[in-house]
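>>> take a look and give me a structure for this.
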Amino acid sequence: MIGKKLRDILVCPRCRGKFDPEENEDGLTCSACGLLYEIRDQIPILLISEARKLDRNELREAEPSPPR
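This next block holds a predicted model:
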């Protein structure tokens, strides 16, 4: 897990979009283009060549639940 302050200043290197506010277990997900960047040893790997495009089902699962 990375700190909130760091997550707030990071942007997707591909599209400059913000990352989802909630970090999922696989890494950081760009809310604009849907790329997933892995976190290894608390270090985000922000290389486009290492990122993985999430499919629609994975994107839905990564979205935070709406408040009740």
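>>> tell me where this structure has strands.
Secondary structure of the chain, counting by DSSP state E: strands at 27-29, 35-40, 43-44, 52-53.
>>> which one, of these, ends up nearest to residue 20?
Of all the strands of the chain, strand 27-29 sits nearest to residue 20, with 4.8 Å by Cβ to Cβ. All C-beta spots, glycine's among them, are computed from the backbone N, C-alpha and C.
>>> which residues sit against the closest one?
By Cβ atoms under 8 Å, 6 or more residues apart in numbering, the residues outside strand 27-29 that reach it are 2, 7, 10, 19-20, 35-39, 44-45, 54, 59, 62.
>>> still on that earlier bit, a markdown table for the strands of the chain, including distance to residue 14?
Putting these into a markdown table (distance: least, Cβ to Cβ, whole Å) gives the following:
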| stretch | distance to residue 14 |
| --- | --- |
| strand 27-29 | 12 |
| strand 35-40 | 6 |
| strand 43-44 | 14 |
| strand 52-53 | 10 |
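>>> any idea which of these gets closest to residue 15?
strand 35-40 (8.1 Å).
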